[in-house]
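S.K.: predicted structure and sequence below. I'll ask about it afterward.
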Amino acid sequence: MINDDPALRDLSDVADAIADGRLTSVQATEACLARIKIWQPRTNAFLRLYEEKALEQARAMDRELAAGKRRGPLHGVPMAHKDMYYRKGELSTGGSAIRHDWVAPVTATALQKLDAAGVVELGFLNMAEFAAGPTGHNVHHGHCRNPWDSSRVTGGSSSGSGASVAARMVFGALGSDTGGSIRLPASACGVVGMKATYGRVSRAGAVARSWSLDHVGPLTRTVRDNARMLGILAGHDPDDSTTSERPVPDYEALLDGGVSGLRIGLALPTDGPAALDAQVGSAVQAAADALGRLGAKVTAAKLPDFTALYRAAEVMVKCEAAAMHRPWMEKTPELYANQVRTRMEAGFFIPATQYIDALRLRAHFVKEFLALSMDRVDAVMLPAIPFPIPTIEETDTETKGGPAVLKMVAGFTGLTRPFNTLGLPALSVPCGFDSNGAPIGLQLVGRPFDEALLYRIGHAYQGATRHHRKAPV
Amino acid sequence: MDEKTRTAAGIAAGLQGLVYDDKRLAEIAAEVEILNDAVRKAAAARLTFDDEPAAFASVLAREAK
């Protein structure tokens, strides 16, 4: 048996310890529950905790293992997920008041895959209402709070996923990303988040924000853990016609290739939708320098005009969200937070031709980005969030209006949303801390379906640095 | 009420069956103008008759390593 707190260990480490009998699923689950008791009051990361059910499930996993049956590479590992993944017969709120008592009729493909891999489900996590918000505010269920400083935001919309993984309450969690909603909480909470290529992971059974831009993906503490989760989640799904039939690589087996000889384009954009803060820029520059010392060739990257990519995404998300939310917006508008409802309203006024042109532009945008930014490099590196993590109060658009607050909130997605338009894989990895002690994250962007390379770079970086080993206290 | 806000009011009441006050209609009109302009300019510089939305998935597949 291992002697230290199992909750502090990595997902893959715990999975392997359970598999070879050094740890039981019950011990891992009890360790997570002990952390949750301490950290839930400080973070509000969980919307529903299934304590007894999880322990019962863990006991069943231990019995199965004793009988020689290992379900998969996450057998017995406790997790929790953003409250937008449907499980048949169970509540699924989508972080909303509208669905406060709604029971899901199906189980999400992502959950089915994790079930088959042996995951124990601790519960469901806080999130922005209907995945619409980059900060972690939620007027219905209470704001999620950053475990590094409870006065600061977690990033959103997968707020509980970022907070719970960072605070060592769970070993991994599902998030979703329409404009940065995996990468932003990963960056703000100091964990790893992957938005894979559009079509790499099934969206079936997950609350949609924008069908064209939504990406399902994992948040974990290490790149290795993330690679293991994506290996389980990725692949074609008949229930999501946008998923790719490309084979899924063994991401974990490809981690150790190193970065020697790889070409990385570094971008520290000073204009566009979000201005870059100096200390964030310094942290990402230091990460590039570290990769350079490991043998990567780092050069300056050229980026396209992000404003066009950003606006095209806004057109898609507003039109699609307005269409799907219309019945509720007409009948029960008072059940939305003002900022959630008003962000969708323009969708009723944008001409269909403009929406279709935004969709038609995407192929051009991808070709232009690959030609301009990736012609001579294997990956592009840039910050995830361009400024230090602000407080919950100073970004509360529900109680504080005004252009300065709205600009700051919009700035969260300035460097992430363009990659939803492009559909390219983007990995957020912790790379330091700001002067307030809150995490800073870098973003690695690759060619379509080149997640394995991003993991390889991120893994090499984590092998040479300790940012991901620091835990909030 | 300016021209753009009047247009928004017409869409809301006449085409969508939605009710907004003048202040909100003016905000929406301004927001839509920014988004429309950005897409229209990007489209004018790039799109041809044969471009279709499904080309996005094809490009991702074709450009994969």
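M.R.: Structure received.

S.K.: which parts of chain B are helices?
M.R.: B:3-10, B:22-46, B:55-62 (DSSP state H).

S.K.: okay if I get those helices as TSV plus mean neighbour count and distance to residue A:253?
M.R.: The way it works is simple: take the backbone N, C-alpha and C, and place the C-beta from them, glycine included. Listed next are the helices of chain B as TSV, based on neighbours: other CB atoms under 10 Å in any protein chain shown; distance: least, CB to CB, whole Å:
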stretch	mean neighbour count	distance to residue A:253
helix B:3-10	16	55
helix B:22-46	17	40
helix B:55-62	18	23
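
S.K.: save those as TSV, and put in mean pLDDT and distance to chain A too.
M.R.: As requested, those are arranged in TSV below (pLDDT from 0 to 100; distance: least, CB to the nearest CB, whole Å):
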stretch	mean pLDDT	distance to chain A
helix B:3-10	95	6
helix B:22-46	97	3
helix B:55-62	98	4
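
S.K.: need the nearest residue in space to residue A:362, chain neighbours excluded.
M.R.: Residue nearest to residue A:362 in three dimensions, not counting chain neighbours: residue B:56, with 4.0 Å by CB to CB, 6 or more residues apart in numbering or on different chains.

S.K.: that neighbour reaches residue A:363, doesn't it?
M.R.: Yes. Between residue B:56 and residue A:363 there is a contact at 4.9 Å, judged by CB atoms under 8 Å.

S.K.: neighbours of whatever residue of the stretch 1-150 of chain A ends up closest to chain B, how many?
M.R.: Distances from the stretch 1-150 of chain A to chain B, computed as CB to the nearest CB, single out residue A:132 as the nearest residue at 15.4 Å. Applying other CB atoms under 10 Å in any protein chain shown, we find 27 other residues in the vicinity of residue A:132.

S.K.: for residue A:11, phi and psi?
M.R.: Residue A:11 has phi and psi values of phi -60, psi -50 when expressed as degrees, to the nearest 10.

S.K.: chain B contacts on the stretch 101-250 of chain A?
M.R.: If contacts are counted using CB under 8 Å from any CB of the partner chain, the residues of the stretch 101-250 of chain A sitting beside chain B are A:197, A:198, A:199, A:242, A:244, A:246.

S.K.: got phi/psi on the second one?
M.R.: Dihedral angles phi and psi of residue A:198 (degrees, to the nearest 10) take the values phi -60, psi 130.

S.K.: run through the residues that contact it.
M.R.: Contact analysis of residue A:198 by CB atoms under 8 Å, 6 or more residues apart in numbering or on different chains lists A:213, A:215, A:242, A:420, A:423, B:56, B:57, B:60.

S.K.: kindly report the same for the last one.
M.R.: By CB under 8 Å, 6+ apart, the residues touching residue A:246 are A:449, B:61, B:64.

S.K.: export those residues as CSV, with columns for distance to residue A:385.
M.R.: What follows is the contacts of residue A:246, written out as CSV (distance: CB to CB, whole Å):
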residue, distance to residue A:385
A:449, 26
B:61, 31
B:64, 28
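
S.K.: which of the contacts of residue A:198 sits closest to residue A:78?
M.R.: Using CB to CB, residue A:215 comes nearest to residue A:78 of the contacts of residue A:198, at 24.2 Å.

S.K.: surely that closest one meets residue A:175?
M.R.: No. In this structure, residue A:215 sits apart from residue A:175 without contact. The criterion is CB under 8 Å, and the distance is 9.2 Å.

S.K.: list the contacts of stretch A:115-122.
M.R.: Contacts of stretch A:115-122 with the rest of the structure, by CB under 8 Å, 6+ apart, involve A:25, A:28-29, A:32-33, A:36, A:46, A:49-51, A:53-54, A:57-58, A:61, A:70-81, A:87, A:107, A:111, A:169-170, A:232.

S.K.: buried sites along it?
M.R.: Within stretch A:115-122, the residues scored as buried using 16 or more other CB atoms under 10 Å in any protein chain shown are A:115, A:117, A:118, A:119, A:120, A:121, A:122.

S.K.: now do the contacts for the residue lying closest to residue B:11 once chain neighbours are set aside.
M.R.: Computed as CB to CB, 6+ apart, the closest residue to residue B:11 that is not its neighbour in sequence is residue A:349, at 5.4 Å. Residues touching residue A:349, when contacts are defined by CB under 8 Å, 6+ apart, comprise B:8, B:11, B:12, B:16, B:28, B:29, B:32.

S.K.: OK, contacts around the residue positioned nearest the centre of chain B?
M.R.: Compute the mean C-alpha point of chain B, and by CA atoms, centre = their mean the closest residue is residue B:36, 4.3 Å away. Under the criterion of CB under 8 Å, 6+ apart, the neighbours of residue B:36 are A:350, A:351, A:354.

S.K.: tell me who's in contact with whichever residue of the stretch 201-350 of chain A sits closest to chain B.
M.R.: Residue nearest to chain B within the stretch 201-350 of chain A: residue A:311 (3.4 Å; CB to the nearest CB). If you count contacts by CB under 8 Å, 6+ apart, residue A:311 has them with B:34, B:35, B:38, B:39, B:42.

S.K.: how close does the first one sit to residue A:176?
M.R.: The gap separating residue B:34 from residue A:176 is 26 Å, by CB to CB, to the nearest Å.

S.K.: what do you get for the second one?
M.R.: Counting by CB to CB, the gap between residue B:35 and residue A:176 amounts to 23 Å.

S.K.: cool, and the fourth one?
M.R.: As judged by CB to CB, residue B:39 and residue A:176 stand 25 Å apart.
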